[in-house]
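A.B. asks: Pasting the sequence and the predicted coordinates here, then a few questions.
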Amino acid sequence: SQKIEQNSEALNIQEGKTATLTCNYTNYSPAYLQWYRQDPGRGPVFLLLIRENEKEKRKERLKVTFDTTLKQSLFHITASQPADSATYLCALAGFNKFYFGSGTKLNVKP
Amino acid sequence: DVKVTQSSRYLVKRTGEKVFLECVQDMDHENMFWYRQDPGLGLRLIYFSYDVKMKEKGDIPEGYSVSREKKERFSLILESASTNQTSMYLCASRLGGETQYFGPGTRLLVL
């Protein structure tokens, strides 16, 4: 089955900086990949989807890249704010189901 | 606004008890999922259903069963709860496209 790796260590950055989170996967390349945000004690919330034939996707301050050769996706938050502090999960599409990474916790300090 | 609700936010049960976790979605979605989430392990799929009365095993179905009698409702059943089933349980639904909508989660403690 698909294995997904996200940095288990928390990422601490200063407000206003760009946060970059990494998602690496093994085995087959999925048709698309998603990023979710999860706040403590809450369910994940969908943020962005990028397809295998797309190199980059943007939504407001968010940007996702997808490199099927490296088997990697990068998730960027520009001009980060303390309200962006959360855990971010990547998810890969399989047949009829998704495989989730364990998430990276982002702390944005004022 | 899409909505997925779960019957309880917190639940405490004894070892050996039968536990029912209920999930309801109001979006007329065909696909529904049950995950458990544990620190360092991410979300792991227990069961999913792509239609009423249909179910498929996920990656960790042992010790669980599910029921989907109506389209909007998907129940997870722990036949005989054990301490290693202490976890956060998340329900999700999906229309057939790509985005999954998650409920708020049920934090289950088995003593």
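C.D. replies: Looks like it came in fine.
A.B. asks: okay, CA-based contacts and neighbour counts for the rest of this
C.D. replies: OK.
A.B. asks: The residue in chain A that chain B sits nearest to - nearest residue in space that isn't next to it in sequence?
C.D. replies: Nearest residue of chain A to chain B: A:S102, at 3.5 Å (CA to the nearest CA). Residue nearest to A:S102 in three dimensions, not counting chain neighbours: B:G42, with 3.5 Å by CA to CA, 6 or more residues apart in numbering or on different chains.
A.B. asks: State the distance from the nearest residue to B:H29 once chain neighbours are set aside to B:D51.
C.D. replies: In this structure, B:H29 finds its nearest non-sequential neighbour in B:L95, 4.3 Å apart by CA to CA, 6+ apart. Note on B:L95: its distance to B:D51, by CA to CA, to the nearest Å, is 11 Å.
A.B. asks: Spit out the residues that contact these two alike.
C.D. replies: B:30-31 (CA atoms under 8 Å, 6 or more residues apart in numbering or on different chains).
A.B. asks: Quick check: residues of chain A near chain B?
C.D. replies: Taking CA under 8 Å from any CA of the partner chain, the part of chain A that reaches chain B is made up of A:8, A:41-46, A:99-103.
A.B. asks: Which members of those are positioned in strands?
C.D. replies: A:45-46, A:99-100 (DSSP state E).
A.B. asks: Which members of those residues are the farthest-apart pair?
C.D. replies: Maximum pairwise distance among those (CA to CA): 15.3 Å, between A:V45 and A:Y99.
A.B. asks: Reformat the ones in strands among the residues of chain A next to chain B as a markdown table; add pLDDT and neighbour count.
C.D. replies: A markdown table is the format used below for those (pLDDT from 0 to 100; neighbours: other CA atoms under 10 Å in any protein chain shown):
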| residue | pLDDT | neighbour count |
| --- | --- | --- |
| A:V45 | 94 | 19 |
| A:F46 | 93 | 19 |
| A:Y99 | 88 | 21 |
| A:F100 | 91 | 25 |
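A.B. asks: mind checking which helix or strand B:S93 is in?
C.D. replies: Assigned by DSSP states H and E, B:S93 falls within strand B:87-94.
A.B. asks: Find the least confident helix or strand in chain A, judged by mean pLDDT.
C.D. replies: strand A:98-100 (a mean of 88; mean pLDDT, DSSP states H and E).
A.B. asks: Name whatever forms a beta bridge with residue 56.
C.D. replies: With no chain named, the answer covers chain A. A:T65 (DSSP bridges).
A.B. asks: nope, chain B please
C.D. replies: B:F48.
A.B. asks: isn't it right up against B:Y47?
C.D. replies: Yes. Shown here, B:E56 and B:Y47 form a contact pair, counting by CA atoms under 8 Å, at 5.8 Å.
A.B. asks: Just want to know which of the two has more residues nearby.
C.D. replies: Set B:E56 next to B:Y47 and count neighbours by other CA atoms under 10 Å in any protein chain shown: B:Y47 wins out with 24 against 14.
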